[in-house]
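1. Structure for the following, please:
(chains A and B)
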There are 2 protein chains.
Amino acid sequence: MHHFFVKPKDINDGIITITGKDVKHITRSLRLDISDEISVADGESNKYLTEIIDISEEFVRAKIIKEFEVKVESNIEVTLVQGLPKSKKMDLITQKCTELGIREIIPVDTKRTVVNLKPKKAERRQQRWQKIAREAAKQSGRAIIPIIKDLMTFKDILSLASKYDLVLMPWEDEQSTKLKEVLTDNQEVNKIMIIIGPEGGFSKQEVELAKEEGIKPVTLGPRILRTETAGIATLSMILYELGDLG
Amino acid sequence: MHHFFVKPKDINDGIITITGKDVKHITRSLRLDISDEISVADGESNKYLTEIIDISEEFVRAKIIKEFEVKVESNIEVTLVQGLPKSKKMDLITQKCTELGIREIIPVDTKRTVVNLKPKKAERRQQRWQKIAREAAKQSGRAIIPIIKDLMTFKDILSLASKYDLVLMPWEDEQSTKLKEVLTDNQEVNKIMIIIGPEGGFSKQEVELAKEEGIKPVTLGPRILRTETAGIATLSMILYELGDLG
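-> Coordinates of the predicted model:
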C-alpha cells in the first residue's frame, strides 16, 4: 500500500488533507482514485489506514478507517553522527539508515574529513539528504521522518553527547571493548548516539577528546568496515539487540 | 597496512611470491619498496605479516614475519542467496556483505526478477561481482575471498538448502516468526543460508515451495527494507548474534 506523510494539523475529525507534491503523485503517477486505500502517518508516530474520499487539483482528502496497531517505530531512539564522507556515500547512509529505523543523522566535520562544504553548498546538501530521508521513510512505511541536521563540528557533537543514555564510537584501533559487551551491559538505555569517523577514521586526538567526555570507543570485530558500512551495520546490531529489528 | 591475496602454492619456506596485477599495484601505485611491510592472506584463512625482500617487473617477494593471531574469519559460514535486483544494487550487496563477512553469494532468478541476463552477460556479471568481492576482501583485511556463484534458479536453491544447518528467508508478509527468535533457538548452527527476494519480493508460490522444503520465512521487523538492505542487515544480525561482528 502507498504511504504518505502529513502534518498533525492536516488531520481534523478523522479526515486527512494531503496537499503539495503528493497530490500530483497520488493522482497522476499512481492514478489512485476515490475509495482507494492509502496509509498516512503524521510524523509523530501515528499511522493510519485511510480511504480517499475527495480529489481536486489542490488536495486529496482521505478518511481514517483505523489506526494501525503494528508499532513501526522502535522505542530505541538512535542518532547517527557521521564523519562527512566523500561522493554520494552520505546519500546511501541516509537512505539505508532511514529504512532500518534511525531517528536523526548529524553530518560532522572531523580532522580527516576531506570534503570542504561551503555554507551554501552545505545547506543544499542538507536539503538533499532530508529529501532522501523523506522518500525512504515513505517507502519503508515509517511513522516519522528522520531529521537530518546541519553539518556540525566535532566539538559541537561532544557537547551534545551528555544528552544521550549511551554514546558508541566504533574505532578500528580499539581492541578490547566490544560493541556487543556494551549493548549487553546497557539493556535499559533509550537514547543512543553512534559516532562514525570519515574514510580516514578519527584522529588520535579526537578519540582522546571523546574519552575525556566519557565516550568509550568500541570495536565492531576483526574485519575493517568502510565508513558507510559501519553506521548501517552498527544501527542494525543496536536495533537487533535492544529494539525491534529482526 | 596494505593487504594482498596469494594462492597457497605461492608460499614456500616462509617466502611469499606475488605475481600478476598486484605487482604493478605494489610497486607503481603504492610505491612500496624493499623492507616495507604488507599483510598477505592465502585465501584459506591464513593471514601473515610480511616484509618485502625482492622486487622485479614480474614479481614481488615477501618474507613471513609472523602469522596474525587475530582471527579475521567468523566460524559462522553464511551464504547469501540474492534475488537478482535491478541496476547496480548487486555491486553494493557484494561489496558490503564481503566487508561484513559473507562466505558465498548466489544470485538467483525468481518469479519477480525483472532483469533478464542472457548467458554471456550473466558470465560477465559474475566476473564483475567476483572482482568486487576480491577488492572488498583486500580492503577489509579478510583471510578469504567470498565466492560469487553463477546465476541459479529458485529450484536449484531449494535443492541446495538441505546442505545448510539453518535456512532463513526474510519475507515481508511473515508476521509471527521473528529472525531473533530463530537465531536465539539455533545457537549451535555453523552453516547458514539467507534467501532474499528481488525488489518485488517472493511470490506466494515460491514461499510455499520453500516451506515444503522445511524453510521457515522470518520477519525482520515492522519496517519494510529494500532488497539490497535486507541482506546487509540480516548478515549483520546473524554475525552479531552467532559470530564475531560487534
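2. Which strand residues bridge residue A:41?
-> residue A:5, residue A:47 (DSSP bridges).
3. neighbours of residue A:105, just the number please.
-> 25 (other Cβ atoms under 10 Å in any protein chain shown). The way it works is simple: take the backbone N, C-alpha and C, and place the C-beta from them, glycine included.
4. so which helix or strand takes in it?
-> Per DSSP states H and E, residue A:105 falls inside strand A:104-109.
5. Name the residues of chain A found near chain B, please.
-> Neighbours of chain B within chain A, by Cβ under 8 Å from any Cβ of the partner chain: A:70-72, A:92, A:96, A:99-101, A:139-142, A:178-180, A:183, A:220-226, A:229, A:232-234, A:236-237, A:239-241, A:244-246.
6. List only buried entries from these.
-> A:72, A:92, A:96, A:99-101, A:139-142, A:178-180, A:183, A:220-226, A:229, A:232-234, A:236-237, A:239-241, A:244-246 (16 or more other Cβ atoms under 10 Å in any protein chain shown).
7. Show me how chain A divides into domains.
-> The record's domain parsing of chain A by automatic domain parsing lists A:3-67, A:77-241.
8. mind checking the longest helix of chain A?
-> If you go by DSSP state H, chain A has its longest helix at helix A:119-139.
9. which parts of that helix are buried?
-> Within helix A:119-139, the residues scored as buried using 16+ other Cβ under 10 Å are A:122, A:125, A:126, A:129, A:130, A:132, A:133, A:134, A:136, A:137, A:138, A:139.
10. Chain B: which of the residues you listed is nearest?
-> Taking Cβ to the nearest Cβ as the measure, chain B lies nearest residue A:139 of those, at 7.0 Å.
11. Spit out the contact partners of that closest one.
-> Each residue near residue A:139 by Cβ atoms under 8 Å, 6 or more residues apart in numbering or on different chains is listed here: A:3, A:99, B:224, B:226.
12. Next: residue A:131.
-> For residue A:131, no contacting residues are found, by Cβ under 8 Å, 6+ apart.
13. do that again at 10 Å, thanks
-> Going by Cβ atoms under 10 Å, 6 or more residues apart in numbering or on different chains, residue A:131 touches A:94, A:148.
14. any idea how far it lies from residue A:145?
-> Distance of residue A:131 to residue A:145, computed by Cβ to Cβ, to the nearest Å: 10 Å.
15. how about the helices of chain A, start to end?
-> So, for chain A - with DSSP H - the helices run A:21-24, A:89-100, A:119-139, A:154-160, A:179-185, A:204-212, A:227-241.
16. quick one: the second one to helix B:227-241, angle?
-> It refers to helix A:89-100. With axes from the mean of the first three to the mean of the last three Cα atoms, to 10 degrees defining the directions, helix A:89-100 sits at 70 degrees from helix B:227-241.
17. Who are the packing partners of helix A:89-100?
-> When contacts are defined as 3 or more Cβ pairs under 10 Å, 6 or more residues apart in numbering or on different chains; DSSP states H and E, helix A:89-100 packs onto strand A:77-83, strand A:104-109, helix A:119-139, strand A:147-148, helix A:227-241, helix B:89-100, helix B:227-241.
18. Reformat those as a markdown table; add mean pLDDT and distance to residue B:9.
-> A markdown table is the format used below for the helices and strands packed on helix A:89-100 (pLDDT from 0 to 100; distance: least, Cβ to Cβ, whole Å):
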| stretch | mean pLDDT | distance to residue B:9 |
| --- | --- | --- |
| strand A:77-83 | 98 | 41 |
| strand A:104-109 | 97 | 47 |
| helix A:119-139 | 95 | 47 |
| strand A:147-148 | 98 | 51 |
| helix A:227-241 | 98 | 32 |
| helix B:89-100 | 98 | 24 |
| helix B:227-241 | 98 | 30 |
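19. and residue A:174, which of those is closest to it?
-> Closest approach to residue A:174 among the helices and strands packed on helix A:89-100 (Cβ to Cβ): helix A:227-241, 12.4 Å.
20. Let me see the contact set for residue A:219.
-> A:170-181, B:246.
21. Next: residue A:223.
-> Contacts of residue A:223 (Cβ under 10 Å, 6+ apart): A:172, A:229, B:72-74, B:98-101, B:136-137, B:139-143, B:239, B:244-245.
22. try 8 Å this time
-> Taking Cβ under 8 Å, 6+ apart as the contact definition, residue A:223 lies against B:72, B:99, B:100, B:101, B:140, B:141, B:142, B:245.
23. Could you do residue A:222 as well?
-> B:70, B:71, B:72, B:141, B:244.
24. Surely the third one is in contact with residue B:47?
-> What it means is residue B:72. Yes. Counting by Cβ atoms under 8 Å, residue B:47 is a contact partner of residue B:72 at 6.1 Å.
25. Give the residues shared as contacts by the two.
-> Common neighbours of residue B:72 and residue B:47 (criterion: Cβ under 8 Å, 6+ apart): B:141, B:143.
26. Against residue A:192, how distant is residue A:215?
-> 12 Å.
27. Pick out whichever of those two has more residues nearby.
-> Comparing residue A:215 with residue A:192 by other Cβ under 10 Å, the one with more neighbours is residue A:192, at 24 against 21.
28. for the more buried one, which residues make a bridge with it?
-> Residue A:192 has these beta-bridge partners by DSSP bridges: residue A:78, residue A:166.
29. That one contacts residue A:78, doesn't it?
-> Yes. Using Cβ under 8 Å, residue A:192 is in contact with residue A:78, at 4.9 Å.
30. Show me whatever sits in contact with both of these two.
-> Here residue A:192 and residue A:78 share the contacting residues residue A:238, scored by Cβ under 8 Å, 6+ apart.
31. So which residue is dead centre in chain A?
-> Nearest residue to the geometric centre of chain A (Cα atoms, centre = their mean): residue A:102, 3.4 Å.
32. now that residue: how far from residue A:39?
-> Distance of residue A:102 to residue A:39, computed by Cβ to Cβ: 20 Å.
33. and if you look at residue A:17?
-> Note on residue A:17: its distance to residue A:39, by Cβ to Cβ, is 16 Å.
34. Those two: which has the busier surroundings?
-> Between residue A:17 and residue A:39, counted using other Cβ under 10 Å, the more crowded position is residue A:39 (19 against 16).
35. which residue sits closest to the more buried one in space, ignoring its chain neighbours?
-> Spatially, and ignoring its direct neighbours in sequence, residue A:39 is nearest to residue A:3 (4.6 Å; Cβ to Cβ, 6 or more residues apart in numbering or on different chains).
36. do residue A:112 as well
-> That would be residue A:200: by Cβ to Cβ, 6+ apart, it lies 3.5 Å from residue A:112.
37. for residue A:218, same thing?
-> Using Cβ to Cβ, 6+ apart, the closest residue to residue A:218 is residue A:179 (4.6 Å).
38. Residue A:217 is in contact with that neighbour, correct?
-> No. Contact criterion Cβ under 8 Å: residue A:179 and residue A:217 do not qualify, at 10.2 Å.
39. Quick check: neighbours shared by those two?
-> Overlap of the contact sets of residue A:179 and residue A:217 (by Cβ under 8 Å, 6+ apart) consists of residue A:170.
40. quick revisit: so what's the residue nearest to residue A:112 scoring on pLDDT?
-> According to the prediction, residue A:200 has pLDDT 89.
41. and it, how far is that from chain B?
-> 14 Å (Cβ to the nearest Cβ, to the nearest Å).
42. can you check residue A:144 too?
-> 11 Å.
43. just how off-centre is stretch A:199-206 within its chain?
-> In terms of Cα atoms, centre = their mean, to the nearest Å, the centre of stretch A:199-206 is found 23 Å from the chain centre.
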